[in-house]
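>>> please work out how this folds:
(one chain, ligands or ions: 1)
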Amino acid sequence: MSTPTKKHTCSHCGYVTDSVSYIMDDAVKPSPDDVNLCLKCGALYVFSEDLSLREPTLEELMKLKASEDWQEVERHRRAIEYIRKKHPWPSDPTP
Ligand SMILES: [Zn+2]
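I've put the predicted structure just below:
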């Protein structure tokens, strides 16, 4: 299930996001400070108070990396990287 969000362009790959899907729990909607991963490249973003996406601050990133949630974030980032190697984004040049 996807929830519409404000449009966001990934500063790493240019992918435009206008909705989010939930890996952990279908019933949860995004809240400020929730983490979001770019579906195309796995770049990490955080929801702002107005639920727009922004890059995490260094302090937020350090706190997240020290938390028990970090392994889950890394597992999903690796899954995105694996899938993109096997199935490149349609607009990506063939490696
Ligand atoms: Zn991206």
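>>> residue 11 contacts residue 45, correct?
No: with contacts counted by Cβ atoms under 8 Å, residue 11 stays clear of residue 45, the gap being 9.0 Å. C-beta: built from backbone N, CA, C; applies to glycine.
>>> for the chain, name the helix or strand with the lowest mean pLDDT.
Least confident helix or strand, the chain: strand 16-21 with a mean of 84, by mean pLDDT, DSSP states H and E.
>>> I'd like to know which elements that one is packed against.
strand 2-9 (3 or more Cβ pairs under 8 Å, 6 or more residues apart in numbering; DSSP states H and E).
>>> ok, residue 69 - contacts?
residue 35 (Cβ atoms under 8 Å, 6 or more residues apart in numbering).
>>> can you pull the contacts of the residue nearest to residue 38 when sequence neighbours are not counted?
Once flanking residues are discounted, residue 38 sits nearest to residue 10: 4.5 Å by Cβ to Cβ, 6 or more residues apart in numbering. With contacts taken as Cβ under 8 Å, 6+ apart, residue 10 has the following neighbours: 16-17, 38, 40-41, 43, 45.
>>> if we can go back for a sec, for residue 11 and residue 45, list the residues in contact with both.
Common contacts of residue 11 and residue 45, defined by Cβ under 8 Å, 6+ apart, comprise residue 55.
>>> which one of the two is surrounded by more residues?
Neighbour totals were compared for residue 11 and residue 45, and residue 45 leads with 20 against 11 (other Cβ atoms under 10 Å).
>>> so how far is residue 14 from that one?
14 Å (Cβ to Cβ, to the nearest Å).
>>> for the contacts of residue 10, which ChimeraX command selects only the ones that are buried?
Here is the ChimeraX selection string for the buried members of those, based on 16 or more other Cβ atoms under 10 Å:
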select :17,38,40,41,43,45
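>>> is stretch 48-62 up against the ion anywhere?
No: applying Cβ under 5 Å from the ion, one finds stretch 48-62 separated from the ion by no less than 10.7 Å.
>>> residue 63 belongs to a strand, doesn't it?
No: judged by DSSP: H, G, I helix; E, B strand; the rest coil, residue 63 forms no part of a strand; its state is helix.
>>> and it, what's its pLDDT?
Per-residue confidence (pLDDT) for residue 63: 96.
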